[in-house]
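**Q** What shape does this take:
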Amino acid sequence: MRDRFNLLSRFRAKVLHSVIHIFCHLRLLLRWLLLSVLLGLFVGLVGVGFVYAIGLVTDLRLSHPWIVLTLPIGGVLIVWLYRILHDRNDRGTNMVLASIRSEAELPVQMAPLIFLSTIVTHLCGGSAGREGAALQLGGSMGNLWGRIFHLAVRDRHVMILCGMAAAFSAIFGAPIAAAVFAMEVVCVGVMHYAALVPCAISSLTASWLSRRLGIGSAGFAVADVPVLAVIPALKILLLGVLCAAMSILFCILLHRTEALMQKKLPNPYLRILAASGILLALAALTHSQMFLGLGTGTITDAIAGSVVWYACFAKMLFTAVTLGGGFKGGEIVPSFFVGATFGCLFGQIAEISPSFSASVGMVALFCGVTNCPLTSLILAAELFGTKGIPYYLLAIAVSYLLSGYYGLYGEQQFLVSKFTDGSVRHKTRQL
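**A** Residues are numbered from 1 along each chain as shown. You can find the predicted model right below:
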């Protein structure tokens, strides 16, 4: 009888403990739900404004081609803005990634500076993206959100990840990939699963708001997706190998151009003026503004199966000069441009659907430069549908392996080896 009573008492104690445990976690869920929804709405609203502003200045430049001649003026304005607001040592997205692993504060002025300077860059014709700028916007606002609510340092880091996910989602319209990307990009081999719920909620909230305010979800119609077979698979495997090589080339070109320009022209005003002159000369040489600005029209053309053979190489050069010279913006859309145009060219040569090859090249090269294979696969599904998923997986896996430890972000850290079943601890290789 006593044993039965003791057993019943232990059972009641365990049930009570479980109820208390669930209640505490439920409180945590409600807390993150409130913070994430509010941050998602706030960042989403800023992201929508950012998208509309970029679209407005891009349309203005395309309708008045002479505006590209104002590149030197826009460059000087950007340098002046960063100097007048005392942010001369801007490290862009690298600063956001570094702050997540330390107690370093992101400067409050980061968000308005990257917002304004990216708009000026696109107005004048600099070759840059917007998603990289979105990571800085969202990360800075997430950090500010954490300070407003007096969160602990670790919780503030989660808010930075939430801000990154929300901004990426609002601007690009791929909420699932955005949430995973924020958790995957900081440390290769370790996912920040503590941020899973907050990132998912903030990303979905920002995506919902952007759709309500007229920003459509990203998506492309891919033609002639081959059925899974040996010959197409071998061709896609080769494309993954080549995308890994292209991603390494792109990263080396970006970092070495920046290092060379900083060494030869330490004065930021002279450096950005020199970059402006080079960009204008390159635009005159190509007789086109195809490689200025975002280049989303060219990405759409590539996925439709049409491409200029040198487009991928020209875009790498334009982007390296733009960002290396001191203009602001992101590297992600240029990587989409390079991957899509290179994939389309490969498809034409290898006699496999250029449209499908462009979509494969786009996500495979993105994986190579960001070292985020899970994000890349989810992005492929969100952008192109699931019909070609086996091929996307093959190209992404090959590109991830062969791109080694190169990457866009110098503060990205590798904790797991790509080549052996072991741990490593070093940052992205820059040169």
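
**Q** for stretch 209-219, how far is the first residue from the last?
**A** With C-alpha to C-alpha, to the nearest Å applied, stretch 209-219 spans 18 Å between its terminal residues.

**Q** my bad, stretch 60-78
**A** Start-to-end, stretch 60-78 (C-alpha to C-alpha) is 19 Å.

**Q** what's the neighbour count on L377?
**A** A count of nearby residues for L377, using other C-beta atoms under 10 Å, gives 20. Quick note: C-beta positions are derived from backbone N, CA and C, even for glycine.

**Q** does it sit in a helix, a strand or a coil?
**A** The three-state label given to L377 by DSSP: H, G, I helix; E, B strand; the rest coil is helix.

**Q** Look up the pLDDT of it for me, please.
**A** pLDDT recorded at L377 is 97.

**Q** Hmm, G139 is touching I160, no?
**A** Yes. Using C-beta atoms under 8 Å, G139 is in contact with I160, at 4.8 Å.

**Q** For those two, list the residues in contact with both.
**A** Applying C-beta atoms under 8 Å, 6 or more residues apart in numbering, one finds that G139 and I160 are jointly contacted by V96, S99, L106.

**Q** if we can go back for a sec, in terms of packing, which of G139 and I160 has more residues around it?
**A** Using other C-beta under 10 Å, the more surrounded residue of G139 and I160 is G139, with 30 against 27.

**Q** what's the spacing between that one and A283?
**A** Note on G139: its distance to A283, by C-beta to C-beta, to the nearest Å, is 32 Å.

**Q** And L81, by the same measure?
**A** From L81 to A283 the distance is 24 Å (C-beta to C-beta).

**Q** of these two, who's got more company?
**A** Shown here are L81 and A283; by other C-beta under 10 Å, A283 has more neighbours (20 against 17).

**Q** check contacts around that one.
**A** Shown in contact with A283 (C-beta under 8 Å, 6+ apart): V68, G125, Q289, F291, L292.

**Q** same thing but at 7 Å, please
**A** Residues near A283 by C-beta atoms under 7 Å, 6 or more residues apart in numbering: V68, Q289, L292.

**Q** next structured bit after the helix or strand where it lies?
**A** Under the criterion of DSSP states H and E, A283 resides in helix 268-286. Remark: after helix 268-286, the chain's next helix or strand is helix 296-303, criterion DSSP H and E.

**Q** For that next one, buried residues please.
**A** T296, T298, I299, D301, A302, I303 (16 or more other C-beta atoms under 10 Å).

**Q** quick one on the thing from earlier: most neighbours among the shared contacts of G139 and I160, which one?
**A** Most surrounded of those: other C-beta under 10 Å gives V96, at 28 neighbours.

**Q** Next one: that one from A167, what distance?
**A** 11 Å.

**Q** who touches both of the two?
**A** Common contacts of V96 and A167 (C-beta under 7 Å, 6+ apart): L135.

**Q** returning to what we had before: when you compare pLDDT across the contacts of A283, which one is lowest?
**A** Q289 (84).

**Q** Next one: that residue from R130, what distance?
**A** 17 Å.

**Q** Next: A221.
**A** On the measure of C-beta to C-beta, A221 and R130 end up 23 Å apart.

**Q** who has more neighbours, these two?
**A** Higher neighbour count among A221 and R130: R130, with 28 against 11, using other C-beta under 10 Å.

**Q** what pLDDT does the more buried one get?
**A** 83.

**Q** please begin residue numbering at 57 from this point
**A** With the count now opening at 57, the last piece we talked about shows up as R186.

**Q** State the phi and psi torsions of it.
**A** R186 adopts backbone torsions of phi -130, psi -20, taken as degrees, to the nearest 10.

**Q** so what's it up against?
**A** The contact partners of R186, by C-beta under 7 Å, 6+ apart, come to F106, I110, T174, I227, L350, G385, G386, V389.

**Q** any idea of the mean pLDDT for the helix or strand the second one falls within?
**A** Under the criterion of DSSP H and E, I110 resides in helix 58-119. Per-residue pLDDT over helix 58-119 has a mean of 79.

**Q** related to what we said a few turns ago, pLDDT and distance to T431 for the buried residues of helix 352-359 - can I get that in a markdown table?
**A** Shown next, in a markdown table, are these (pLDDT from 0 to 100; distance: C-beta to C-beta, whole Å):
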| residue | pLDDT | distance to T431 |
| --- | --- | --- |
| T352 | 89 | 20 |
| T354 | 93 | 23 |
| I355 | 94 | 18 |
| D357 | 94 | 25 |
| A358 | 95 | 21 |
| I359 | 95 | 19 |
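
**Q** Only the buried residues of stretch 113-124, if you could.
**A** For stretch 113-124, the buried set under the neighbour-count rule, 16+ other C-beta under 10 Å, comprises V113, T114, R117, I123, V124.

**Q** Does A358 touch F398 like I think?
**A** No. Between A358 and F398 there is no contact under C-beta atoms under 7 Å: 8.7 Å.

**Q** Could you list the low-confidence segments of this protein?
**A** 57-80, 142-147, 157-160, 485-487 (pLDDT under 70).

**Q** where do the strands sit along it?
**A** 243-244, 469-472, 479-483 (DSSP state E).

**Q** and of those, who's closest to E407?
**A** E407 lies closest to strand 243-244 among those, at 35.1 Å (C-beta to C-beta).

**Q** Counting by contacts, list what that closest one packs against.
**A** Using 3 or more C-beta pairs under 7 Å, 6 or more residues apart in numbering; DSSP states H and E as the contact criterion, the elements in contact with strand 243-244 are strand 469-472.

**Q** mind putting the buried residues of stretch 113-124 in JSON lines, distance to P254 included?
**A** Below are the buried residues of stretch 113-124 laid out as JSON lines (distance: C-beta to C-beta, whole Å):
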{"residue": "V113", "distance to P254": "33"}
{"residue": "T114", "distance to P254": "33"}
{"residue": "R117", "distance to P254": "37"}
{"residue": "I123", "distance to P254": "41"}
{"residue": "V124", "distance to P254": "41"}
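
**Q** for those residues, which one is nearest M247?
**A** Closest to M247, out of all of the buried residues of stretch 113-124 and judged by C-beta to C-beta, is T114, at 34.9 Å.

**Q** any idea how far that closest one is from L179?
**A** Counting by C-beta to C-beta - T114 and L179 are separated by 8 Å.

**Q** ok, now M317?
**A** Using C-beta to C-beta, M317 is found at 22 Å from L179.

**Q** Could you do G424 as well?
**A** 30 Å.

**Q** With S391 instead?
**A** 22 Å.

**Q** okay, these two: which has more neighbours?
**A** Under the criterion of other C-beta under 10 Å, the comparison of S391 against L179 puts S391 first, with 29 against 21.
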